[in-house]
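Peer 1: Sharing a model that was predicted from the sequence below.
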Amino acid sequence: MNADFIDYKDDKGFYISNIFMQLAIYFINEEFKKDQYVFVNKNRISRYHSSIINGHESGYFALCWNLYIENSSEEQTMVQILQTVKAIIQNKGTYISTAELQAIPTTDKDFKLFFSRNPFPTAELIKIIDALIRMLQNTWDSTDYDMEINYRY
């Protein structure tokens, strides 16, 4: 699996397999696209999220929020979105079922294959969301963290 460095500002971030970020971005985008959230570049962010979900960023993955989030108010809105997503994921219980993973709309056949055998532990997805929250809040300090996700195909 390809691992990429996910950062937001000041080269602070973490290394993670892009397929796990693809899964996280799907859940984030489901909340993000709701009308209640206002961003100057909402359409650009949503299109970028869609390209990630559909596997167009595989091989080289970057989280480009720093290019599209305009100000601290939008950062706080994104934190709110991530906190809501975290609660939604926690309410799913211990795992996201393979049926739910297979129902994710994506044109990425590798994604469908990778998540076809085993349910995904919600605690691992929450770990990713927590890191993104900390990055947006500027409390993430690591520039060389390898986020290991406990999931096997």
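Peer 2: Perfect, I can see it now.

Peer 1: Select the longest helix from the chain.
Peer 2: helix 72-90 (DSSP state H).

Peer 1: Residues in contact with that one: which ones?
Peer 2: Identification of contacts with helix 72-90 by Cβ atoms under 8 Å, 6 or more residues apart in numbering yields 27-28, 30-32, 37-40, 65, 69, 96, 122, 125-126, 129-130, 132-133, 136-137. For the C-beta atoms, the positions are set from N, CA and C on the backbone; glycine is no exception.

Peer 1: Quick one: buried ones out of those residues?
Peer 2: Using 16 or more other Cβ atoms under 10 Å as the burial test, the contacts of helix 72-90 include 27-28, 31-32, 37, 39, 65, 69, 96, 122, 125-126, 129, 132-133, 136 as buried.

Peer 1: Okay, and which of those residues map to helices?
Peer 2: Phe27, Ile28, Glu31, Phe32, Trp65, Thr122, Leu125, Ile126, Ile129, Leu132, Ile133, Leu136.

Peer 1: Using CSV, lay out the residues you listed together with distance to Ala103 and pLDDT.
Peer 2: What follows is those, written out as CSV (distance: Cβ to Cβ, whole Å; pLDDT from 0 to 100):
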residue, distance to Ala103, pLDDT
Phe27, 13, 97
Ile28, 17, 96
Glu31, 17, 97
Phe32, 19, 96
Trp65, 26, 84
Thr122, 16, 97
Leu125, 16, 97
Ile126, 20, 97
Ile129, 20, 96
Leu132, 23, 94
Ile133, 26, 95
Leu136, 28, 91
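
Peer 1: what's the most distant pair in the residues you listed?
Peer 2: Using Cβ to Cβ, these reach their maximum pairwise distance at Trp65 and Thr122, which is 22.9 Å.

Peer 1: ok, back up a step: would you mind writing the CA trace of the longest helix of the chain as CSV?
Peer 2: The C-alpha trace of helix 72-90 is given here as CSV (Å, rounded to 0.1, in the frame of the first residue of the first chain):
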residue,chain,number,x,y,z
SER,A,72,-9.8,30.7,10.7
SER,A,73,-13.7,30.8,10.6
GLU,A,74,-13.6,28.1,7.9
GLU,A,75,-11.0,26.2,9.8
GLN,A,76,-13.4,26.1,12.8
THR,A,77,-16.3,25.1,10.6
MET,A,78,-14.1,22.2,9.3
VAL,A,79,-13.3,21.2,12.9
GLN,A,80,-17.1,21.2,13.6
ILE,A,81,-17.7,19.0,10.6
LEU,A,82,-14.9,16.6,11.7
GLN,A,83,-16.4,16.5,15.3
THR,A,84,-19.8,15.6,13.8
VAL,A,85,-18.2,12.9,11.6
LYS,A,86,-16.5,11.5,14.6
ALA,A,87,-19.8,11.2,16.5
ILE,A,88,-21.5,9.6,13.5
ILE,A,89,-18.7,7.0,13.3
GLN,A,90,-18.8,6.4,17.0
